[in-house]
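> Can you look at this prediction? I've put the sequence above it.
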Amino acid sequence: MTYEGPTLPHLLKPGLRLVFIGYNPAIYSAEAGHYYARNGNQFWRQLSESGIAGRTVAPQDDQLLPDEAGIGFTDLCCRPTVRA
């Protein structure tokens, strides 16, 4: 069975200082429309605590971060799956 739902956009632009590259989006994240969107995912807490983003961030901030903090997001494969 092939997943036919939404995927995530590449959040890239020239001059980024950091790009997070995943294997492919999780189905949950693709349906939510944000990278690393599941509540139990530690990505956003760790990114916030690192200070790299300059503020506390959450999945809803992914599209703001290329402009705000020079942080981009993309996946090697755009097709969402349950596992990589």
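It's in.
> can you tell me which residue is nearest the centre of this structure?
Centroid-nearest residue in the chain, with C-alpha atoms, centre = their mean: Tyr35, separated by 2.6 Å.
> for this structure, what spans make up the strands?
Counting by DSSP state E, the chain has strands at residues 18-22, 71-75.
> can you list these in TSV and add mean pLDDT and mean neighbour count?
For the C-beta atoms, the positions are set from N, CA and C on the backbone; glycine is no exception. What follows is those, written out as TSV (pLDDT from 0 to 100; neighbours: other C-beta atoms under 10 Å):
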stretch	mean pLDDT	mean neighbour count
strand 18-22	97	14
strand 71-75	98	20
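> contact partners of the longest helix along the chain?
Among the elements of type helix in the chain, defined by DSSP state H, the one spanning the most residues is helix 43-50. Residues from elsewhere that reach helix 43-50, judged by C-beta atoms under 8 Å, 6 or more residues apart in numbering: 35-36, 53, 55-59, 61.
> what's the straight distance from one end of stretch 32-43 to the other?
Between the opening and closing residues of stretch 32-43 lies a distance of 16 Å (C-alpha to C-alpha, to the nearest Å).
> Now it: buried residues?
Buried residues in stretch 32-43, counting neighbours by 16 or more other C-beta atoms under 10 Å, are found at 32-37.
> tally of neighbours for the residue nearest to Val82 when sequence neighbours are not counted?
In space, Val82 comes closest to Ile27 once its chain neighbours are excluded; the distance is 6.1 Å by C-beta to C-beta, 6 or more residues apart in numbering. Ile27 has 16 neighbouring residues, counting by other C-beta atoms under 10 Å.
> Touching, Ile27 and Thr7? I think so.
No. Shown here, Ile27 and Thr7 do not form a contact pair, counting by C-beta atoms under 8 Å, at 9.8 Å.
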